[in-house]
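1. Okay, structure incoming, though there's no sequence with it:
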């Protein structure tokens, strides 16, 4: 069974696919992070079918994580690396600590999927070499991808989380792609991500043109 590492808020302890959970932060009692983590898990489920989740908790309740807590989560996952790790966040600046922790996880055999902005500068860990970077693409329905090859994002995917239309954007898109990646045989042995190509419906970024009418 595919094991997926979810670096996010805390899933409920009785979540069906949850096989392990550890906290890298102190809870603050707010509900936003759990709602977000549940949306990510449901999106995996809609795409991937059967899988086991390891939940590294870096959002204490509010949707904000410290760099130190993210690095701790990555380092803990190296000890028993999942097949796929979802980083449903982006950090504006790179750091040696984050780069090293991400590289260790990649070297341990995990495929790291990270959300990336549709506009603006690249974020991390999405911008690190070897990480599958994903942004929301309004053209894509669930089960579809776009191959973008942009500076900030390699792929685009459905921007709406399964079962929760209020949660949308790059984190939902990354969860969709991670779920599809979990269906690819021998997924960790395909560093070129060729196994995702059957899901690619669009190539290149979406281009919007303005209609021009004669006077």
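-> Okay, I see it. Keep in mind the model is a prediction, meaning the values are calculated, not measured.
2. where does the chain have low pLDDT?
-> Along the chain, segments meeting pLDDT under 70 span 187-192, 207-215.
3. And the helices in it, which stretches?
-> Assigned helices in the chain, in chain order: 32-48, 67-78, 96-107, 170-181 (criterion: DSSP state H).
4. Check these for me and report the most buried one.
-> helix 170-181 (a mean of 29; mean count of other C-beta atoms under 10 Å). Heads up, the C-betas are built off the backbone N, CA and C, glycines and all.
5. quick one on the thing from earlier: how about the helices of the chain in JSON lines, adding distance to residue 14?
-> Listed next are the helices of the chain as JSON lines, based on distance: least, C-beta to C-beta, whole Å:
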{"stretch": "helix 32-48", "distance to residue 14": "12"}
{"stretch": "helix 67-78", "distance to residue 14": "22"}
{"stretch": "helix 96-107", "distance to residue 14": "27"}
{"stretch": "helix 170-181", "distance to residue 14": "21"}
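6. nearest to residue 134, of the ones you listed?
-> Across those, residue 134 has its closest neighbour in helix 170-181 (4.3 Å, C-beta to C-beta).
7. Check which helices and strands that closest one sits against.
-> The contact analysis (3 or more C-beta pairs under 8 Å, 6 or more residues apart in numbering; DSSP states H and E) places helix 170-181 against helix 32-48, strand 84-87, strand 111-115, strand 132-136, strand 155-157, strand 160-161.
8. could you redo the last one with a cut-off of 6 Å?
-> If you count contacts as 3 or more C-beta pairs under 6 Å, 6 or more residues apart in numbering; DSSP states H and E, helix 170-181 packs onto helix 32-48, strand 84-87, strand 111-115, strand 132-136, strand 155-157.
9. neighbouring strands for the third one, and are they parallel or not?
-> So the one you mean is strand 111-115. If you go by DSSP bridges, strand 111-115 pairs up with strand 84-87 (parallel), strand 132-136 (parallel).
10. and those strands, which is most packed in?
-> Among these, highest average neighbours (mean count of other C-beta under 10 Å) belong to strand 84-87, with a mean of 30.
11. any chance of the helices and strands packed on helix 170-181 in CSV, plus distance to residue 183?
-> Listed next are the helices and strands packed on helix 170-181 as CSV, based on distance: least, C-beta to C-beta, whole Å:
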stretch, distance to residue 183
helix 32-48, 6
strand 84-87, 11
strand 111-115, 13
strand 132-136, 14
strand 155-157, 14
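12. Among these, which comes closest to residue 18?
-> Nearest to residue 18, of the helices and strands packed on helix 170-181 and by C-beta to C-beta, is helix 32-48 at 8.3 Å.
13. Contacts for the closest one next, please.
-> Residues outside helix 32-48 that contact it (C-beta atoms under 6 Å, 6 or more residues apart in numbering) are 6, 8-11, 59, 61, 63, 88, 161-164, 167, 175-176, 179-180, 182-183.
14. My guess is residue 5 contacts residue 85. True?
-> Yes - Residue 5 lies in contact with residue 85 (C-beta atoms under 6 Å); the separation is 3.9 Å.
15. joint contacts of the two?
-> Common neighbours of residue 5 and residue 85, counting by C-beta under 6 Å, 6+ apart, are absent.
16. about what we covered before: let's have the strands paired with strand 111-115 in CSV, adding distance to residue 154.
-> Shown next, in CSV, are the strands paired with strand 111-115 (distance: least, C-beta to C-beta, whole Å):
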stretch, distance to residue 154
strand 84-87, 14
strand 132-136, 5
